Each structure stands twice: as structure tokens, then as C-alpha cells.
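> fold the following, please.
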Amino acid sequence: MCIAVLLTLTGCSPAVEIAPAEDSANPACAPMMVALPDALADAPLRDTTSQATAAWGDPSLVILRCGVNPPGPTTDRCVSVNGVDWVIKEGHPTWTLTTFGRTPAAEILLDPNKITSSTVLAELSSAVSKIPQSRKCVGPADTIPVPDK
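Okay, here's the model as predicted:
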């Protein structure tokens, strides 16, 4: 009887509708997807409607899609959290954070007023690091000055 009640309760929470990324069928997404945490902060992982996607919270506080186009060189802010580089585009209210130097790339959408980006990135870094890194973010301090002629 307890099992029937449990099944009924889980059936009440609809899956989150998320459009899949262009390269969501890339096999490199699979190791990351199976390593995702069951919760971010206190937000539980929910079912989604598309391959290589994830959502946490009800309503969703964080959306993740694997298989987005990797960003090329950019002047957007890039941060490294636990060995994973992220390009951050601050929108209002939603921020988009995309892995840098990993193919396929993973993308996170979140509202920093509802869940902190530092918490999300720290808790996702272990899973995201399952996609091999081929490039790193660089900043002005990492460049080699060209001598004047």
C-alpha cells in the first residue's frame, strides 16, 4: 500500500519542459548527466522532457542543458570553479553560464536572486568535469605582451 501511495505522489509533479540543445545526443554528455547531484542547495532534481537536460527546484531554480555550442574566444567574464571554466552572461533576471573549453558545452540558466551561482557551480563541477577540457579561460594577466617595434 505504501508503494502505491509513493507512485501516486511522484506522478503529481510534472516533468519540466526544456528544449534540447542542438548536440544533446552527443555521447560525451552521458557521463556528466549520470553524475549530476540529486539536489542543488536544497532544490531537488526533477524529471525533464528532453535528453541531456536537468532541472532543480519546484518551480525550477536551475536548468541545465548539455550539447550547446561551445563558446569561442570572448570578452565576457569567465570564472574557474573547481577546475571547470564558465563564461557568465548576466541577464535580468536570468544568468546564462556556459562551460568553456569543453565539447560539448553545458549551459546553466539561473536567477542569482533565488540561488547563488557560486553554490550551483561548486556543486556541479564534479559532474561537468566528466566532459574533458581542451582549453582554458585566459585573462589579461595570462597574455604575453607584444614588444613595440
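> switch to C-alpha atoms for all contacts and neighbour counts from now on
OK.
> the closest residue to Arg135 other than its chain neighbours and Val34, how far apart?
Distances taken as CA to CA, 6 or more residues apart in numbering put Gly101 closest to Arg135, at 4.1 Å, once the chain neighbours are dropped. Using CA to CA, to the nearest Å, we find Gly101 at a distance of 21 Å from Val34.
> who has more neighbours, the two?
Remark: of Gly101 and Val34, Gly101 carries more neighbours, 22 against 11, as counted by other CA atoms under 10 Å.
> how close does that one get to Ala122?
On the measure of CA to CA, Gly101 and Ala122 end up 17 Å apart.
> got it, and Met33?
Taken as CA to CA, the span from Met33 to Ala122 is 16 Å.
> looking at these two, which one has more neighbours?
Taking other CA under 10 Å, Met33 and Ala122 do not tie; Met33 has more neighbours (19 against 15).
> ok, that one - contacts?
Ala52, Thr53, Ala127 (CA atoms under 8 Å, 6 or more residues apart in numbering).
> give me the element it is part of.
helix 29-34 (DSSP states H and E).
> for Pro93, same thing?
Per DSSP H and E, there is no helix or strand for Pro93.
> show the pLDDT at it.
Looking at Pro93, its pLDDT is 92.
> residues near it, how many?
10.
> burial check on the residue lying closest to it once chain neighbours are set aside, number of neighbours?
Distances taken as CA to CA, 6+ apart place Asp111 nearest to Pro93, at 5.7 Å, with adjacent residues excluded. Residues lying near Asp111 (other CA under 10 Å) number 18.
> and if you look at Gly91?
Quick note: Gly91 (other CA under 10 Å) scores 12 neighbours.
> mind checking how far it is from Gly57?
In terms of CA to CA, Gly91 sits 20 Å off from Gly57.
> could you list the low-pLDDT ranges of the protein?
Under the criterion pLDDT under 70, the flagged ranges of the chain are 1-13, 139-149.
> how about the strands in it?
39-40, 43-46, 53-56, 62-68, 77-81, 84-89, 95-99, 105-110 (DSSP state E).
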